[in-house]
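Trainee: my questions concern the predicted model and sequence given below.
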Amino acid sequence: MRPIRRFVPFAAFVAAVIAVAALGAATLGAGALAATHGPVAPTGAYVSQTLGYEVQLPSGWRRSTTLSALVRNGTLKVGHEVFTIRSLADEAGVLGDPGPGAAWSYVGVVEQWRDPAGWSAMAWATDPLLAGWAQGQAVETAVLDGHVAAKVTNGPRFSVAYYVPDGGRMYVVGYKVDAPDWKPSVATEADLRAIVASFHITP
Amino acid sequence: MRGALVALCVLTRLAFVAAPAQATYGGLRLPFPPGRAYVVTQTPGAYQNCALTGGSHCVGNDIWAYDFGLHIGDQIAAAHSGTVIRYVAGFGIGSCDPAFRNDANYIVLDHGDGYSSIYWHISYGSASVAPGQYVAQGHPIADAGAAGIVCGNPGDHLHFAVEPTPAAGVSVQRSVQIRFDEAGEPAAGTAPVSANRSRLSATYVGGSEWVVLGNGERHPTTGLWRNSGWGSWTQPASRIGTFGPEPKQDQPSVLTGTNRVAQSQSVVSPGEVASYPFELIGPTAPGIYRVYLRPVIDGVAWMEDEGVFWLVDRR
C-alpha cells in the first residue's frame, strides 16, 4: 500500500462542513442536556437520508466523513457510515496505520447492501462470502428496530453486528472494539451498544 | 576516572547482552507458486527510510509486512501450513481512501504455533480455501486482488505478514520480523523466485535394500516416501513405478514382475509418509540386478526422481 494522500482543498471544505455540523450538534446536545435530570448522556439524532435510517449519538460522537463512503465497490454494498468519538485531528493522526486500523477502533458502523434475492438475516450472516467468517464467532437470532435480525459476535469485520433485512435491502449495524491497543480514551463500548440499539429504519 | 570508564563500558556491554534478541520467524516460503517471481514492492518499515518514503509499513501493525507485486488473478499460495481462522472475500475493488479499510478481503492462517500468516487484498470470491480448513504449505489460498485500502490504479498487490495469532474478538495484531526459506528478507525491487511446495512432491524416506537372493527366493521389502507437496495421494492412482536406468520407465522389472507397486494407505495427506510394500524375487540367472522406483500419480504426473533403487545379488 502506498502512503495516503488527501486532496487538501477538499479536506478543508470537508473540515468546514464538519465544523458547522459540530456546532449544530453541540447546540442540540446542550438543549438535550438541559432537559434531562439523571446521569444520562445527551444524545443527538443522526438521520441518514441516503441510507434511510437514523441513530442516536451520545454526546461527543459524530459521523466520520473520512471513514464513511456512499459508493459501491463492485459488490452488493451500497455504502456505509461510521460514527466515532475521535476529534478530527485525532482521527487524522491515526489514519496512516494500515493494519486493523486505529481510526477504525471503537467506531459504530451502519452499512446498507442490496438484497435482490431476499435473503433472510440468518442466511446472510452465515454466508462466508457475504458476511465473512471468523473462528469463534457466535451467531444468534435477535431483534433490532422491531425486525428479526441475526446478531454476530466476534465476526471477521465487526465485534458485534446485526443483520437487518428490509424489503430488498440488508442493513448491517455494528461496532468495532477489536483493536484494543487503539481505543480512544473517552470511548466506551456502552456508547457503541447504545448507538446500535437506537438504530431505526426511516420510511 | 579510568576505572569509572571501564565500569561504564562493562555495564553498557552487560546491558547490551542482557537485551533479548528479537527472534525472526522462519519456516516460511514465498506466498506464491513455485517458480514464480514477483517484485517486492514494499519491505518492512525497518528496511525503509520511513522519513523519506512515508511507507504504509512504517507505522502500526504492519511494520514487518511485505508487499509483493501480484496482479489481479495471480495465485497466492500458503507461505506456511495452517488453519483458516478468518475469511473475508466479498468485496470488489478498493481504494486509497481509508473509508475502505473495513472492506478488505483477507484470509488468516493459524500455524498452530502461536503465529498466523495474513494475506490481504484477495480478489472477490476467489478464495480456494474454506473457513476452518487446514491447508499445507504451498496450497493455493486465493487470487490476488485490490480490495480494501490499496493505492494506485487498480493498486493490486499481495500484502503479507505474520502476526501472533489473535484471540477471539481481537483482529489482527502487530506483525513480527520474518524470513523466507528461499529468499531470506528480500529487498525492495528484487523479484525472488518462489520455492514453495508444489501440489505433487515426494521425498524419499527409506526402505532401499541390497539383498542376496537365490533363484526364485522371495524377500519382502517396503519403500517409504513422504508427501512433501500440498495435495493428498490417494489410491489407486498413487503408486511407485519402474524407471530408468533399470529396467526403464514403465517396464516390468525381473525383480518384481510388475511396473507398479501400490500405495498401502488409502490416502496420504501432506507431510505423511506413504508406504509401498512389495516382494523382491531372485531371478533365474545369477548376476547383479537393480530396480529403480519413483513415485507417480498415474494419469497425472511423476514426482521427483531421486535415483532410488533396490539391488539384488543373485548368487
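Mentor: Right, received. Where do you want to start? Just so it is clear, the structure is predicted and the values come from calculations on it, not from any experiment.
Trainee: which element is A:L57 on?
Mentor: strand A:53-58 (DSSP states H and E).
Trainee: er, A:R193 actually
Mentor: Following DSSP H and E, one finds A:R193 within helix A:189-197.
Trainee: so the closest residue to chain A within the stretch 1-150 of chain B: helix, strand or coil?
Mentor: Distances between the stretch 1-150 of chain B and chain A by CB to the nearest CB are smallest at B:G92, namely 2.1 Å. Glycine gets a C-beta too; all of them are placed from N, C-alpha and C. What DSSP: H, G, I helix; E, B strand; the rest coil gives for B:G92 is coil.
Trainee: and it, how far is that from B:A168?
Mentor: 28 Å (CB to CB, to the nearest Å).
Trainee: so for those two, which sits in the more crowded spot?
Mentor: Counted by other CB atoms under 10 Å in any protein chain shown, B:G92 and B:A168 do not tie: B:G92 has more neighbours, with 18 against 13.
Trainee: the strand holding A:L57 pairs with which strands?
Mentor: According to DSSP bridges, strand A:53-58 forms sheet pairs with strand A:43-48 (antiparallel), strand A:200-201 (antiparallel).
Trainee: and the next element down the chain from it?
Mentor: Following strand A:53-58 in sequence order, the next helix or strand is strand A:62-69 (DSSP H and E).
Trainee: could I have the CA atoms of that following strand written out in CSV?
Mentor: Extracted in CSV, the C-alpha atoms of strand A:62-69 (Å, rounded to 0.1, in the frame of the first residue of the first chain):
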residue,chain,number,x,y,z
ARG,A,62,-20.2,12.3,15.4
ARG,A,63,-20.4,10.9,11.9
SER,A,64,-17.0,10.5,10.4
THR,A,65,-16.8,12.0,7.0
THR,A,66,-13.4,10.5,6.5
LEU,A,67,-14.4,6.9,7.2
SER,A,68,-17.9,7.0,5.6
ALA,A,69,-18.4,6.0,2.0
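Trainee: report the angle between it and strand A:53-58.
Mentor: Strand A:62-69 runs at 140 degrees relative to strand A:53-58, counting by axes from the mean of the first three to the mean of the last three CA atoms, to 10 degrees.
Trainee: mind listing the helices for chain A?
Mentor: Assignment of helices within chain A using DSSP state H yields the ranges A:8-34, A:88-93, A:121-125, A:128-131, A:189-197.
Trainee: next one: chain B
Mentor: Remark: helices assigned in chain B by DSSP H are B:2-18, B:50-53.
Trainee: least confident of these, on average?
Mentor: For the helices of chain B, mean pLDDT drops lowest on helix B:2-18, to a mean of 44.
Trainee: so how far is stretch B:117-126 off the chain centroid?
Mentor: 18 Å (CA atoms, centre = their mean, to the nearest Å).
Trainee: quick check: buried residues in that stretch?
Mentor: By neighbour count with 16 or more other CB atoms under 10 Å in any protein chain shown, stretch B:117-126 contains the buried residues B:S117, B:I118, B:Y119, B:W120, B:H121, B:I122, B:S123, B:Y124, B:S126.
Trainee: please apply the same query to stretch B:124-133.
Mentor: Neighbour counts over stretch B:124-133 (16+ other CB under 10 Å) mark B:Y124, B:S126, B:A127, B:S128, B:V129, B:P131 as buried.
Trainee: export only the CA atoms of that stretch, formatted as CSV.
Mentor: What follows is the C-alpha trace of stretch B:124-133 in CSV, where atoms were taken according to Å, rounded to 0.1, in the frame of the first residue of the first chain:
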residue,chain,number,x,y,z
TYR,B,124,-13.7,-11.0,-4.8
GLY,B,125,-14.9,-14.6,-4.4
SER,B,126,-11.5,-16.1,-5.3
ALA,B,127,-10.8,-17.9,-2.1
SER,B,128,-9.9,-21.5,-2.8
VAL,B,129,-10.0,-22.5,0.9
ALA,B,130,-13.0,-22.7,3.2
PRO,B,131,-13.5,-21.4,6.8
GLY,B,132,-11.8,-23.7,9.2
GLN,B,133,-9.9,-25.7,6.5
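Trainee: can it be said to contact chain A?
Mentor: Yes: Stretch B:124-133 is in contact with chain A by CB under 8 Å from any CB of the partner chain, via B:Y124, B:G125, B:A130, B:P131, B:G132.
Trainee: for the record, mean pLDDT for stretch B:63-79?
Mentor: Regarding stretch B:63-79, the rounded mean pLDDT is 96.
Trainee: now swap in stretch B:222-238 and tell me
Mentor: Stretch B:222-238 comes out at a mean pLDDT of 96.
Trainee: now do the same end-to-end measure for that stretch.
Mentor: One end of stretch B:222-238 to the other measures 15 Å (CA to CA, to the nearest Å).
Trainee: with just CA atoms, put stretch A:126-146 into CSV.
Mentor: Output of stretch A:126-146 as CSV, limited to C-alpha atoms (Å, rounded to 0.1, in the frame of the first residue of the first chain):
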residue,chain,number,x,y,z
THR,A,126,-23.8,-17.2,8.0
ASP,A,127,-22.7,-17.0,4.3
PRO,A,128,-18.9,-16.7,4.2
LEU,A,129,-18.8,-14.8,1.0
LEU,A,130,-21.4,-12.2,2.0
ALA,A,131,-20.5,-11.7,5.7
GLY,A,132,-17.1,-13.3,6.1
TRP,A,133,-16.3,-15.7,8.8
ALA,A,134,-14.1,-15.8,11.9
GLN,A,135,-13.2,-18.8,14.1
GLY,A,136,-15.1,-18.4,17.4
GLN,A,137,-17.8,-16.1,16.1
ALA,A,138,-21.2,-16.5,17.6
VAL,A,139,-24.4,-16.2,15.5
GLU,A,140,-27.8,-15.9,17.1
THR,A,141,-31.3,-14.7,16.3
ALA,A,142,-32.1,-11.2,17.6
VAL,A,143,-34.5,-8.3,17.2
LEU,A,144,-33.4,-4.8,16.2
ASP,A,145,-35.8,-2.0,15.4
GLY,A,146,-38.6,-4.5,15.5
